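A.B. asks: need coordinates for the below:
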Amino acid sequence: MAAFVKELQAEIVRSLEEVENEGCLERGETETRFLVDEWKRPEGGDGVSCVLQDGKVFQKAGVLVSVVYGTLPEAAVKQMRSERSKDLKGDGPFPFFAAGISLVVHPRNPFAPTVHLNYRYFEIEDEETGEATLWWFGGGTDLTPAYLFEEDAEHFHATIKRACDANSPRYYPEFKEWCDRYFYLPHRKECRGVGGIFYDDQAGDGTLADRERLFALARDCGRAFVPSYVPIVRRRKDMPYTEENLRWQQLRRGRYVEFNLVQDRGTKFGLTTVSKRIKKK
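C.D. replies: The predicted structure follows:
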């Protein structure tokens, strides 16, 4: 998983830069590139944060990878106990390993949709042997347009469905429904976007075969990102728009922020960890 998320990050960054800089040289314009920040975690592990800001196509895009290990912080243990009390045995400390990729892309044009992706693997290890005693995969991707184009939503879902179906026909309908439930603002009674897929705590029966099967799912869905999203951006990035369109885009982005601060489990978990990198949140 560690090698895969780094490879996927490089592929996505390369594809988004290609869209961002199409026609730049012909117009005599300077190309816009992702800023790359390679960081080390004092307690163990590292990561790469790639951020593009103020581009002609992408107002802001972040593609982040982390591969970390160490001892699970007490606050994280408490949260895990509330969610996985049957699985978390003993009093700790709990050595852990985690690898994941996360991205959010906000295009400049209000007719081009925001997209989110996250695929991750987490394990708790035996303190003496280093073997995984508890592990699971999670992830998903979802599309959030300010203005809905049916063909965009259909293309996005169809591409993700093909990736899921290559692994099991039950994955897409199950994870699509999970996504619709998860990315929902209950106090507003509205979904955050047009959905996609979402899953968490996937471990099957905990066998090596299950681990390989679930890694294949994350790999195939991750690789489906570029063909699911880039054609949509290419369709919408040069559409004319007005100040009113921009105001509506900002309102919808406000809903996006609202969800992350009020509902999102990943944000809450990240803010409880030691040596957190607040700038990336």
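
A.B. asks: pLDDT averaged over stretch 105-117 - what is it?
C.D. replies: Averaged across stretch 105-117, the pLDDT comes to 98.

A.B. asks: distance between that stretch and the chain's centre?
C.D. replies: Centroid separation for stretch 105-117 versus its chain: 14 Å, with CA atoms, centre = their mean, to the nearest Å.

A.B. asks: same deal with stretch 108-122?
C.D. replies: With CA atoms, centre = their mean, you get 7 Å for stretch 108-122.

A.B. asks: can you give me the strands in the stretch 51-200 of the chain?
C.D. replies: Taking DSSP state E, counting those that start in this stretch to define them, one finds strands in the stretch 51-200 of the chain at 58-71, 95-107, 114-125, 132-144, 184-185, 190-191, 195-202.

A.B. asks: apart from its chain neighbours, what residue comes closest to residue 59?
C.D. replies: Of all residues not flanking residue 59 in the chain, residue 108 sits nearest, at 4.5 Å (CB to CB, 6 or more residues apart in numbering). No exception for glycine: its C-beta is placed from N, CA and C like everyone else's.

A.B. asks: for that neighbour, what are its contacts?
C.D. replies: Going by CB atoms under 8 Å, 6 or more residues apart in numbering, residue 108 touches 55, 56, 57, 58, 59, 237.

A.B. asks: closest one to residue 218 among the strands of the stretch 51-200 of the chain?
C.D. replies: strand 114-125 (4.5 Å; CB to CB).

A.B. asks: roughly how far apart are the residue of the chain most remote from its centre and residue 53?
C.D. replies: The centre of the chain is farthest from one residue, residue 28, which by CA atoms, centre = their mean lies 34.2 Å away. Using CB to CB, to the nearest Å, one gets 22 Å for the distance from residue 28 to residue 53.

A.B. asks: confidence score at the residue farthest from the centre of the chain?
C.D. replies: In this model, residue 28 carries a pLDDT of 85.

A.B. asks: tell me the phi and psi of it?
C.D. replies: When read as degrees, to the nearest 10, the backbone of residue 28 gives phi 70, psi 30.

A.B. asks: what do you get for residue 238?
C.D. replies: According to degrees, to the nearest 10, residue 238 has phi -110, psi 10.

A.B. asks: repeat for the one 3 residues further on
C.D. replies: Dihedral angles of residue 241 (phi, psi; degrees, to the nearest 10) stand at phi -150, psi 170.

A.B. asks: ok, it touching residue 110?
C.D. replies: Yes: assessed by CB atoms under 8 Å, residue 241 is found in contact with residue 110 at 5.3 Å.

A.B. asks: tell me which of these two has more neighbours.
C.D. replies: Neighbour tally, residue 241 and residue 110, criterion other CB atoms under 10 Å: the higher count belongs to residue 110, 22 against 17.

A.B. asks: ok, and the closest non-adjacent residue to the more buried one?
C.D. replies: Using CB to CB, 6+ apart, the nearest residue to residue 110 is residue 249, at 3.7 Å.

A.B. asks: same question for residue 33.
C.D. replies: Closest to residue 33 by CB to CB, 6+ apart is residue 17, at 6.1 Å.
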